[in-house]
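J.: Sequence plus predicted model, see below.
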Amino acid sequence: MITKIVSGGQTGADVAALDAAIELNIPHGGWIPKGRKTEAGPLPDKYQLQEMPTGSYTRRTEQNVIDSDGTAILSHGSLSGGSLKTYNYAKKHNKPCLHLDMTRLPVDEAVKEMLQWIEEHNIQVLNVAGPRGSKDPEIYNVVKEVLTKALKEILADNQHGHIV
């Protein structure tokens, strides 16, 4: 069962995950660079992320991987930049990592894969990552839709006594 959604607070995939959690009343958090740094300026205070002692995106990325049970990375195409670093940190720390390439998966298939992966690895604290908004203007909507559908299904199963 998912107990918390974490991300690094960057525009795009990260904020989409936080917004999905807030919308569904699921606790959220994660680490963000010092100064609540994002490409669009400081992250608003409504997002309950902890500031790192450094402004480094890389250190924040690694800490979110370490502090979660697993990381889901959504992208359009192969991983690059921070998303690739996230994947490599998950491997370094032996944490489950799921990459969903949304150029090859319809939303409902991505939701199904995510739910199977969450159950298989008993993910409770889920780190969500992917491209920033300036690199992929469509990623916010895709991540929010996939995560919202997956989380709604988990919440419905929990209310019916099923453990996901």
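T.: Received it, and whenever you're ready, just let me know what you need.
J.: now the strands: where do they sit in the protein?
T.: Using DSSP state E, the strands of the chain run over 4-6, 28-29, 31-32, 50-51, 70-75, 97-101, 125-129.
J.: which secondary structure elements does the longest one contact?
T.: This means strand 70-75. Strand 70-75 is packed against helix 13-23, helix 81-92, strand 97-101, helix 107-120, strand 125-129, helix 139-159, with contacts defined by 3 or more CB pairs under 8 Å, 6 or more residues apart in numbering; DSSP states H and E. The way it works is simple: take the backbone N, C-alpha and C, and place the C-beta from them, glycine included.
J.: Out of those, which one sits most buried?
T.: The highest mean neighbour count among those, using mean count of other CB atoms under 10 Å, belongs to strand 125-129: a mean of 28.
J.: Mind checking the pLDDT average for it?
T.: Taken as a whole, strand 125-129 has an average pLDDT of 98.
J.: Which helix or strand in the protein has the lowest average pLDDT?
T.: Least confident helix or strand of the chain, by mean pLDDT, DSSP states H and E, is helix 139-159 with a mean of 94.
J.: Give me the distance from that helix to the chain's centre.
T.: 12 Å (CA atoms, centre = their mean, to the nearest Å).
J.: got the contact list for it?
T.: 1-2, 5, 11-13, 15-17, 19-21, 23-24, 26, 74-76, 100, 102, 107-108, 110-111, 114-115, 118, 128, 130-131, 133, 163-164 (CB atoms under 8 Å, 6 or more residues apart in numbering).
J.: Show the low-confidence segments of the protein, by residue range.
T.: Within the chain, the ranges that satisfy pLDDT under 70 run 160-164.
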